[in-house]
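**Q** Predicted model and sequence below, questions to follow.
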Amino acid sequence: MKKETQHKREGFSSSIGVIAAVLGSAVGLGNIWKFPYVTGANGGAAFILVYLICVALVGLPVMLSEHLIGRHTKANAVGAFKALQPRRPWFLVGGAGVLSAFLIMAFYTSVAGWVYAYIFKAAGGALLTAKPEDTTLVFNKLVSGVGEPLFWQVFVLLVTGSIIMAGVTKGIERVTKLLMPLLFLLLVIIDIRSLTLSGAGAGLSFLFKPDFSKITVSVILAALGLAFFKLSVGMGTMITYGSYVDKNENLPKMAIKVALADTLVSLMAGIAVFPAVFAFGFTPDQGPKLLFVIIPAVFNSMPFGRVFMVLFFVLTAIAATGAMLSLLEVPIAFLTEQYQWTRRKATLLTILGIGLLGSTATLSNSIFATVTVFGKTFFDFYDFATSNVLLPLGGIFIALFVGWQWGYVKVKQELSNQGQLANDGLARVYLFLVKYIVPIAIAVVLFTGLK
Ligand code: PFF
C-alpha cells in the first residue's frame, strides 16, 4: 500500500495511446445508444445540424481548454484549479465535475448493464427475431425487473473498478487501443445491412434532410447537452486525462481528431438505426429503448446475424467500459491526490457510492417508476441534470477561466508547446471562442432552454 500513496503520476506511454484513451473516453454509449435515440426524439436531421455546430463551436474549444489545464498542472479536476488559482474558488468547477461523474455513472452503469445482459441474451437466442415488437418485449422484461438489471449493474461496476485499480497506463491504454477499430468495422457491416433493407430511404431522409421547423429552444439545449456528454467535457474528465499527456503532444490537433472520429461513430450508429426503424415500420421517437429494440431486428435479417449480434454487444460493452474508466478516473484522481487515499480505497468506495445511487436509476422502471424529482424519474433526472445543466455550466466556467483568468501569454505558451508549434492564428480563433462565443452561447441556451 505504501507504494501507492506516493503518487508517482503515471502517464500515457505514446501518442497513439493518448488518442486511443481520449477517444476511448469520448466513444461509448453516447454514440451508440444516446445519439440515435436523442436524434430520434428531436426530429432528425435539423437536430444533427445543431449538434454539429455545438460540437465545433462549443464542445471542441472546451475540450482543448481542459487538455491545456490538465497538461499544464498535471493534476486532477480540483487540484488543477487550485494550482492555477489558489486564492479563488475556481476549484468548485472541479468539485462540480466530481459530482457530475457520480450522477452520470449512476445511469450509465445501468445502461451498460443492459448491454452486458444483451451479450448473453443474443448468444442464448432470446433475441432471434426480426420483429421489433418481440424485441420490445425482451427489453421491457429486462428493465422492469429488479434482480436482473441490478446484478448487471453491479457486475459492470466490478469490471470497471478492477481495470481502474490496475492503473492508468496499463489498464486504460491497453483496453481501448485494441478495440475501437473493430467496433468501427462492425458498424460498417450493420450500416450496409440497414441501408439495404427495403424502405430504408425514409430513414436516410430523416437523418439527412433537415426540417428546420423542428428546431426549438429545448431541441437546441438537447443538442448542446449531447455535445458535452459525447465529448466527455464540462466536468474535468479531459483535465484529468490531459494531466497524463506528454508536453510535446499537439493538443489542438488531437482534440480535432478526437471530435471528428467521435462524430463519425455517432453518425454511423445513426445510419445503423434509422433506415431500419423506418423499414420495420417503427417510429424514431422510442426513447432509451430504441437501440435495444431495433438493432437485434437488423441483425436477424442478415446471414450470421446471431454471431454478429453477440460481437456487436461485446464491442459496445467495451466502448461503454472505456468511457466509464474515464468517468471513474475523475473522483479517483481527486481522492488519491487531494486526500492521499490509496487507489484501491478510492476505487472501492467510489464504486460503492455509485452502486447505491445507481440502483435508484436502475429501479426507475420498476420499484421507483412512480417516484419523480422535478417531474422526472431518477434515471431521467440524473441524465438531464448532468448533460443539460451541470456539464454546460462547467463548460461556461472552464471557458471563462482560460479566456479571462489564466492569462493570455500563458495560454498561448501552453497551446504552442512553449513556442515549438507555430499556431498563432489558431490561438487567436480559439481565444476568441472561449472568451466570448462559448460562455455567451451556453448561457443563452441554458437560460432560455431551462425556462
Ligand atoms: N462520452 C461518453 C459517451 O459518449 O458515451 C460519456 C462520458 C464519458 C461523459 C466521460 C462524460 C465523461 F466524463
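**A** Received it, and whenever you're ready, just let me know what you need.

**Q** Does residue 420 touch residue 248 like I think?
**A** Yes: if you go by Cβ atoms under 8 Å, residue 420 and residue 248 touch, sitting 7.4 Å apart. From N, CA and C alone the C-beta is placed, and that goes for glycine too.

**Q** residue ranges with poor pLDDT in this structure?
**A** 1-10, 13, 168-177 (pLDDT under 70).

**Q** Around the ligand, which positions in it sit nearby?
**A** By the rule Cβ under 6 Å from any ligand atom, the part of the chain lying against the ligand is 25-26, 28-31, 104, 229-230, 232, 235, 237, 323, 326-327.

**Q** Go ahead and report the secondary structure state at residue 420.
**A** Secondary structure, DSSP: H, G, I helix; E, B strand; the rest coil: residue 420 is coil.

**Q** Could you do residue 306 as well?
**A** Applying three-state DSSP: residue 306 is helix.

**Q** which residues does it contact?
**A** 122, 123, 125, 128, 299, 300 (Cβ atoms under 8 Å, 6 or more residues apart in numbering).

**Q** and what of residue 102?
**A** With Cβ under 8 Å, 6+ apart, residue 102 has these contacts: 331, 353, 354, 357.

**Q** Tell me how far it lies from the ligand.
**A** 11 Å (Cβ to the nearest ligand atom, to the nearest Å).

**Q** Going by secondary structure, that residue is in what exactly?
**A** Assigned by DSSP states H and E, residue 102 falls within helix 91-124.

**Q** Show the buried residues in the contacts of residue 306.
**A** 122, 128, 299, 300 (16 or more other Cβ atoms under 10 Å).

**Q** before we move on, the earlier item: and the furthest pair within the contacts of residue 306?
**A** 123 and 300 (13.8 Å; Cβ to Cβ).

**Q** returning to that earlier point: after the helix holding residue 102, which helix or strand is next? Please name it.
**A** Helix 91-124 is succeeded, C-terminally, by helix 132-143 (DSSP H and E).

**Q** Would you mind listing the buried residues in that next one?
**A** 132, 134, 135, 136, 138, 139, 142, 143.

**Q** Name the nearest of the contacts of residue 102 relative to the ligand.
**A** residue 331 (10.9 Å; Cβ to the nearest ligand atom).

**Q** Let me know the secondary structure of that closest one.
**A** Once three-state DSSP is applied, residue 331 turns out helix.

**Q** number of nearby residues for it?
**A** 28 (other Cβ atoms under 10 Å).

**Q** Report the contact partners of it.
**A** With Cβ under 8 Å, 6+ apart, residue 331 has these contacts: 98, 101, 102, 346, 350.

**Q** gap between the fourth one and residue 76?
**A** Spelled out, it's residue 346. 11 Å (Cβ to Cβ, to the nearest Å).

**Q** of the two, who's got more company?
**A** Ranked by neighbour count (other Cβ under 10 Å), residue 346 and residue 76 place residue 76 first, with 28 against 23.

**Q** sorry, back to before: with respect to the ligand, which of the contacts of residue 306 is nearest?
**A** residue 122 (20.7 Å).

**Q** And for that closest one, nearest residue in space, chain neighbours not counted?
**A** residue 309 (4.3 Å; Cβ to Cβ, 6 or more residues apart in numbering).

**Q** For the ligand, give me its nearest residue in the stretch 351-451 of the chain.
**A** residue 391 (7.3 Å).

**Q** so that residue makes contact with residue 228?
**A** Yes: judged on Cβ under 8 Å, residue 391 makes contact with residue 228 at a distance of 3.8 Å.

**Q** intersection of neighbour lists for those two?
**A** residue 234.

**Q** thinking again about what came up before, export the buried residues of helix 132-143 to CSV and tack on distance to residue 288?
**A** CSV is the format used below for those (distance: Cβ to Cβ, whole Å):
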residue, distance to residue 288
132, 15
134, 18
135, 14
136, 12
138, 15
139, 9
142, 12
143, 9
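
**Q** Need the nearest residue in space to the one residue in the stretch 301-450 of the chain that gets nearest to the ligand, chain neighbours excluded.
**A** The ligand sits closest to residue 323 of the stretch 301-450 of the chain, with a gap of 4.0 Å, by Cβ to the nearest ligand atom. Nearest non-adjacent residue to residue 323, counting by Cβ to Cβ, 6+ apart: residue 28, 2.9 Å away.

**Q** for that neighbour, phi and psi?
**A** Here is the backbone geometry of residue 28 (degrees, to the nearest 10): phi -180, psi -150.

**Q** Among the contacts of residue 102, name the buried ones.
**A** 331, 354, 357.

**Q** Now the second one: which helix or strand?
**A** When elements are defined using DSSP H and E, residue 354 is found to belong to helix 343-362.

**Q** From the contact count, pick out the helices and strands touching that helix.
**A** helix 91-124, helix 147-165, helix 305-338, helix 378-384 (3 or more Cβ pairs under 8 Å, 6 or more residues apart in numbering; DSSP states H and E).
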